[in-house]
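[1] I need the structure of the sequence given here:
(one chain, ligands or ions: 1)
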Amino acid sequence: MTAAEIIQKYISFFEKRGHKRIHGTPLVLENDSTVLFTTAGMQPLIPYLLGKPHPLGKRLVSLQKCLRTDDIDEVGDKKHHTFFEMLGNWSLGDYWKKEAIEWSYEFLTSNEWLGIEKSKLAISVFAGDEDALFDKESYDIWRSLGIPESRIAKLEKKDNWWGPAGQTGPCGPDTEMFVWTGKGKAPKTFDPANSEWIEVWNDVFMEYNKTQDGKFEYLKQKNVDTGMGLERITAVMEGTDDDYQTGLFLPVIKKIEDISGKKYEKNPKDFRIISDHIKAIVFILADGVEFSNLNRGYVPRKLLRRLIVRMQFLEGKQKILLKEYLSKYTLNPLIEVVVNIYQEKYPEIIKNAKVIKEKILGEWDKLKKQMESAYPQVIKVINKSGQIVSGKDGFYLFEAHGVNPEVTEQVAIKYGKTFDWEDFKVEFKKHQELSRTASAGMFRGGLADHSEKTIMGHTATHLMHQAIRDLLGDKVHQSGSNITPERVRFDFNFDRKLTDEEIKKIEDIVNEKIKENLPVHFEIMPLEKAKKLGAIGLFDEKYSEQVKVYFIGDYSKEFCGGPHVDFTSKVKRFKIIKQENIGKGYRRLYALVG
Ligand code: ALA
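    Numbers count the residues shown, from 1 in each chain. So this is what the prediction gives:
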């Protein structure tokens, strides 16, 4: 069964059970500057999970393209991906565990649908802890469907609790379904640590909201949020344990074989990284992201560098000059196969194929220049070395000039020397351990932008909004904002330049409120009530029956999804650094916090 058939079956199964299909969103979510990329099918649905009525009703089904960068170092095995697709069905305060589990079971095992052997199925459920009880209800439902006790693992939060996608928001215990992909009969007892049991589907019972202070409170409604990774289920249905050997990857793998003259079987890790990363890059660029050193743009930049290093590994050891490595057009045929695989489902990639190629060529030129300018450094370091080029030197070249160690090694050989690989690995490890903490923010969950700095920025934005209204009058309101760890950007309607005194006054008010250390909290309430209270802010008029309002002491009330600091002193300091006229009677301010 192909991926396309699985998608078609999944959608039709749930449509027959009253679900309406919603179309997936871009990887870059509009109106949400706190999220780098869409990481799950539920992400565009957060307002509805919190209680806002969805225009299509309470039962939804979708296929969503997703991007996760938290496992980027795991890519290279059979199961991990940065770009992937997820099938999902939702109950927004409608059906609950019984229907969700019974339907999952029916879809997986019935011959009319996927027809996976029941004897190959295993399950995990939430074991319970101080925040929530053992999910006995799910356990009993699975037992009633004939799953033996020995095939149901009870696991803790780290395994069987999903969400929130950011720091706060909807979440809950989940039950996960595993399929045996090893040889022979599945073992009688389910051991979640055995990697031949592959998780294919996750039913999350979202009845909690995780709050700013880390507590779990009940949501207004009980939701079901499920996610089935398309690559994994496709592997199961195509009878392989390796996602990269399915139709979703094979054309890319074959093309890499053509280009490199190497075989997948001999270099599986390189092939997997190259094919995963090229897909992710194509999809990120197709959604309008540009290569850069900041936030979203840093992700394709890092992916492309990793990809090229892997291509160099494949290139073999005979070519040592950096400029002789890959041609700038090497990636075009790879981009074309990715476009071919996905163009029907995602017209944006065929539409943008030319632009994607151009962006990659531009980036390639930069990268090549960087490599070429690094080459003299390599020669210098090697000339200075004794007979053995140390790992420390190799690491310096890698870290400071982006030269990968294979290149250093090859140049060393050319100069009649050897390279100390073991020492390099030690250095590399040391560095990895140090940088893991530092870089965790950049890649965690693709939700890196919930960094401390952006949370501070959120709260500062509310204070600034109120301060501007205090100073310039109630007709003035926010028309947009964008927050990154580097700065806060704030747009509002006002038709002249602010004077230096006005800027100073806004800064003073905000800094005063920071000093007062006001508490920040939110309440979810009906829109009418929020309006009566005088809450300000941007909100979506159409379906907002229930809205989330953040309070900063008595000073500010504003519609917002959060997250925020818990006390204003955490914002530390606030400074406006620039103002701009953005036309049509609107102005823009840039500010720093911290
Ligand atoms: N949101 C859940 C997941 O991504 C279903 O696994």
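[2] contacts, neighbours, all on C-alpha from now
    Fine.
[3] Quick check: next helix or strand after the helix or strand hosting E399?
    Using DSSP states H and E, the secondary-structure element containing E399 is helix 391-401. Read in the C-terminal direction, the helix or strand following helix 391-401 is helix 405-414, with elements assigned using DSSP H and E.
[4] Now do that following helix against helix 391-401, angle only.
    Between helix 405-414 and helix 391-401, the angle comes out at 120 degrees (axes from the mean of the first three to the mean of the last three CA atoms, to 10 degrees).
[5] average model confidence for helix 405-414?
    In this model, helix 405-414 carries a mean pLDDT of 74.
[6] just stretch 15-22 next, same as before
    Predicted confidence along stretch 15-22 averages 97 (mean pLDDT).
[7] And that stretch, what's buried?
    Judged by neighbour count using 16 or more other CA atoms under 10 Å, the buried positions of stretch 15-22 are 15, 19-21.
[8] Please go through this structure and pick out the longest helix.
    Secondary structure of the chain read by DSSP state H shows that its longest helix is helix 353-384.
[9] just the angle between that helix and helix 405-414, please?
    Angle between the axes of helix 353-384 and helix 405-414 is 40 degrees (criterion: the same axes, to 10 degrees).
[10] what's helix 353-384 packed up against?
    helix 268-286, helix 332-342, helix 391-401, helix 405-414 (3 or more CA pairs under 8 Å, 6 or more residues apart in numbering; DSSP states H and E).
[11] just checking, next helix/strand downstream of it?
    Following helix 353-384 in sequence order, the next helix or strand is strand 388-389 (DSSP H and E).
[12] How about the residues of the stretch 1-150 of the chain by the ligand?
    Proximity of the stretch 1-150 of the chain to the ligand, by CA under 6 Å from any ligand atom, involves residues 40, 42.
[13] low-confidence ranges in the stretch 1-150 of the chain?
    Applying pLDDT under 70 to the predicted model, the residue ranges of the stretch 1-150 of the chain that meet it are 30-35, 73.
[14] for it, what spans make up the strands?
    For the stretch 1-150 of the chain, the strands identified by DSSP state E, counting those that start in this stretch occupy 20-21, 59-67, 83-92, 121-126, in order along the chain.
[15] can you redo those as CSV with distance to P170?
    Formatted as CSV, the entries for the strands of the stretch 1-150 of the chain read as follows, by distance: least, CA to CA, whole Å:
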stretch, distance to P170
strand 20-21, 21
strand 59-67, 17
strand 83-92, 12
strand 121-126, 17
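[16] most neighbours per residue, which of those strands?
    The highest mean neighbour count among those belongs to strand 121-126 (a mean of 26), with neighbours defined as mean count of other CA atoms under 10 Å.
[17] So what's the gap between it and the chain middle?
    Using CA atoms, centre = their mean, to the nearest Å, the mean C-alpha position of strand 121-126 is found 25 Å from that of the whole chain.
[18] List the contacts of that strand.
    Outside strand 121-126, the residues that touch it by CA atoms under 8 Å, 6 or more residues apart in numbering are 134-135, 138-139, 147, 151-157, 159-161, 173-180, 190, 197.
[19] buried set for stretch 180-200?
    By neighbour count on 16+ other CA under 10 Å, the buried set for stretch 180-200 is 180-182, 186, 190-192, 196-200.
[20] follow-up on the earlier one: and of the buried residues of stretch 15-22, the nearest to K222?
    Relative to K222, the closest of the buried residues of stretch 15-22 is H19; by CA to CA it sits at 16.7 Å.
[21] Provide a list of residues in contact with the closest one.
    For H19, the contacting residues are 58-61, 89, taking CA under 8 Å, 6+ apart as the criterion.
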